[in-house]
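[1] Sequence first, then the predicted structure:
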Amino acid sequence: MLEWIRKSYPVAVFRRFFELELLDRSFGLAAQAFVALLPLVILIVAVFAGSDGSVIANQLIERFGLEGAAADAVSSLFDSPAPTFVISWTALFITSYSAFSLSRKLSRTYGAIFQIPSLLPKQLGRGMAWVLLQVVMFAISAGLRNLWRDSDLAVGLLAGFATFIFWLLTEYAGIRLLVPSINTRLLVPAAILSSIGHMGIIVWAAVYMPRTLQTQAEQFGPIGVTFSLFTLILVGVVVMLVAPLLVGVYAQRKSAVLANAQGPAQTGE
């Protein structure tokens, strides 16, 4: 019985998770996403929408129904007075490069999970395409989530389905960009599982985030908001890694079984 448990699929996933140090990688990727992608989104909003971080703050306040200390803390974290909020192309370059570096790290992590090559130097343009995809995904998914939340049952279900399809397509494209040599039979289930995980995060965040943002803001002010937002990003990163891990471990075990089955057959011949 113990031997069967030790060789089971869940234990194999658990063991592989720690062999690849995915928990440490998740914290590192989440931290870099927090300091790279979020400022990049704010800068892009400022450049193209002519607004400051208040757009992001208002989105968070509206999405999680924040009020009082929590709403004030979120506004303080993202808002910048108009006279001091000057778009710096140097800052845009730095945050863009940091986000690009994030894409390379995620590519190497995917490569380790699937045991395939990550991005080559001549393919670095794919990393920039992945960064742009994340910015577009942030903008569109925010609108779909609002529609899902604020509409009646029929429209809400349609918006929820559209959100899932959108996540599926972006996850498929994102993984393909970062590990172009991945086989489609691995990519499709990984994208599906990741999309299901992200849908679960939306539901979880709707329950968890308003309460924790309120509590953290009352206790710690704006810095408490960063704790809560980082937790949300960390959970998202874990889903991005665990979904392909489930597929990768399954495929590796299946390949090992086929190899063992073919071995005796070839010996018999």
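    In hand now; what should we look at?

[2] Run a quick neighbour tally on residue 201.
    17 (other Cβ atoms under 10 Å). Using the backbone N, CA and C atoms, a C-beta is placed for each residue, glycine as well.

[3] again, but for residue 26
    Neighbour number of residue 26 under other Cβ under 10 Å is 22.

[4] contacting residues around it?
    When contacts are counted by Cβ atoms under 8 Å, 6 or more residues apart in numbering, residue 26 touches 234, 237-238, 241.

[5] and what of residue 70?
    61, 64, 210, 213-214, 217-218, 225.

[6] Helices - which of the residues you listed land there?
    Applying DSSP state H to these, the entries found in helices are 61, 64, 210, 213-214, 217-218, 225.

[7] tell me the contacts of residue 251?
    Going by Cβ under 8 Å, 6+ apart, residue 251 touches 114, 185-186.

[8] can you rerun that using 10 Å?
    The contact partners of residue 251, by Cβ atoms under 10 Å, 6 or more residues apart in numbering, come to 114-115, 183, 185-186, 189-190.

[9] Quick check: which ranges of the protein have low pLDDT?
    38-56, 59, 65, 77-92, 142-151, 263-269 (pLDDT under 70).

[10] change it to 50
    81-86, 267-268 (pLDDT under 50).

[11] quick one: the helices in it?
    So, for the chain - with DSSP H - the helices run 2-6, 9-19, 22-49, 54-64, 69-78, 89-114, 125-150, 153-178, 184-220, 222-268.

[12] How far away from the center of its chain is the first one?
    When distances are taken as Cα atoms, centre = their mean, to the nearest Å, helix 2-6 is centred 33 Å away from the chain's centroid.

[13] on that earlier part again, just the buried members of the contacts of residue 70?
    Among the contacts of residue 70, the ones that count as buried by 16 or more other Cβ atoms under 10 Å are 61, 64, 210, 213-214, 217, 225.

[14] thinking again about what came up before, got the contacts of residue 26 as JSON lines, with distance to residue 101 columns?
    Formatted as JSON lines, the contacts of residue 26 follow (distance: Cβ to Cβ, whole Å):
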{"residue": "234", "distance to residue 101": "18"}
{"residue": "237", "distance to residue 101": "15"}
{"residue": "238", "distance to residue 101": "20"}
{"residue": "241", "distance to residue 101": "17"}
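
[15] and which of those residues is nearest to residue 167?
    residue 237 (14.7 Å; Cβ to Cβ).

[16] what residues are up against that closest one?
    The neighbours of residue 237, taking Cβ under 10 Å, 6+ apart as the test, are 22, 25-34, 106, 109.

[17] Of those residues, which is the nearest to residue 16?
    Looking across the contacts of residue 237 and measuring by Cβ to Cβ, the closest to residue 16 is residue 22, at 8.3 Å.

[18] And for that closest one, the neighbour number?
    Count around residue 22 with other Cβ under 10 Å applied: 20.

[19] roughly how far apart are the residue nearest to residue 131 when sequence neighbours are not counted and residue 29?
    Nearest residue to residue 131 in three dimensions, chain neighbours excluded: residue 99, at 4.5 Å (Cβ to Cβ, 6 or more residues apart in numbering). Noted for residue 99: a distance of 11 Å to residue 29, by Cβ to Cβ, to the nearest Å.

[20] wait, which of the contacts of residue 26 is closest to residue 199?
    residue 238 (14.9 Å).

[21] I'd like the distance between that closest one and residue 26.
    On the measure of Cβ to Cβ, residue 238 and residue 26 end up 5 Å apart.

[22] which residues do those two both contact?
    residue 17.

[23] For the nearest residue to residue 103 once chain neighbours are set aside, give me its contacts.
    In space, and not counting its chain neighbours, residue 103 is closest to residue 127: 3.8 Å by Cβ to Cβ, 6+ apart. Taking Cβ under 10 Å, 6+ apart, we find residue 127 in contact with 99-107, 119, 177-178.

[24] and the residues you listed, which are buried?
    99-100, 102-107, 119, 177-178.

[25] Output those residues in a markdown table, with distance to residue 76 appended to each entry.
    Shown next, in a markdown table, are these (distance: Cβ to Cβ, whole Å):
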| residue | distance to residue 76 |
| --- | --- |
| 99 | 24 |
| 100 | 29 |
| 102 | 26 |
| 103 | 30 |
| 104 | 33 |
| 105 | 31 |
| 106 | 31 |
| 107 | 36 |
| 119 | 38 |
| 177 | 36 |
| 178 | 35 |
